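**Student:** Structure, please.
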Amino acid sequence: MNDVDTSRNNVDRLEQQMNQLLDICEKLQEENRSLQARQEALVAERAALVAKNEQARTRVEAMISRLRALEQA
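**Tutor:** As a prediction, the model looks like this:
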């Protein structure tokens with residue numbers, strides 16, 4: 001094998017490695033987008049659960065207050 005063939009093989013190998021890296025980068029970017037979307041959904045779900053919890057706490061406190069008022073009446 002002469003120097004030109006060796007250089008061409010090296011360039012071909014490097015091109016393959018670059019293509020593999022590009023594929024990996026694309027997959028990682030897609031995975032990152034998916035994870036970000038999932039995180040946003042989870043944050044929204046958590047906010048909704050916190051709001052529901054707060055409403056339930058407020059209602060329970062109101063019931064307790066009414067029961068105490070009935071006891072004292």
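**Student:** rest of the way, CA atoms for contacts and neighbours
**Tutor:** OK.
**Student:** residue boundaries of the helices in this structure?
**Tutor:** Taking DSSP state H as the criterion, the chain contains helices spanning 3-72.
**Student:** For the residue lying farthest from the centre of it, give me its contacts.
**Tutor:** In the chain, the residue that sits farthest from the middle, by C-alpha atoms, centre = their mean, is Ala73; the gap is 53.5 Å. With C-alpha atoms under 8 Å, 6 or more residues apart in numbering as the criterion, no residue contacts Ala73.
**Student:** So, low pLDDT: which residues of the chain?
**Tutor:** The model of the chain has pLDDT under 70 over residues 1.
**Student:** measure the residue farthest from the centre of the chain to Leu67 for me?
**Tutor:** Distance of Ala73 to Leu67, computed by C-alpha to C-alpha, to the nearest Å: 10 Å.
**Student:** now swap in Arg8 and tell me
**Tutor:** Separation of Arg8 from Leu67 (C-alpha to C-alpha): 87 Å.
**Student:** before we move on, what about Cys25?
**Tutor:** Distance from Cys25 to Leu67, counting by C-alpha to C-alpha: 62 Å.
**Student:** What's the separation between the residue farthest from the centre of the chain and Asn53?
**Tutor:** Applying C-alpha to C-alpha to Ala73 and Asn53 gives a distance of 30 Å.
**Student:** what does Gln20 give?
**Tutor:** Note on Gln20: its distance to Asn53, by C-alpha to C-alpha, is 48 Å.
**Student:** And for Glu30?
**Tutor:** On the measure of C-alpha to C-alpha, Glu30 and Asn53 end up 34 Å apart.
**Student:** just Ile24 next, same as before
**Tutor:** 42 Å.
**Student:** Tell me how many other residues surround Ala37.
**Tutor:** Applying other C-alpha atoms under 10 Å, we find 12 residues neighbouring Ala37.
**Student:** give me every residue that touches it.
**Tutor:** By C-alpha under 8 Å, 6+ apart, Ala37 has no neighbours at all.
**Student:** at 10 Å what do you get?
**Tutor:** Neighbouring residues of Ala37 by C-alpha atoms under 10 Å, 6 or more residues apart in numbering: Glu31, Val43.
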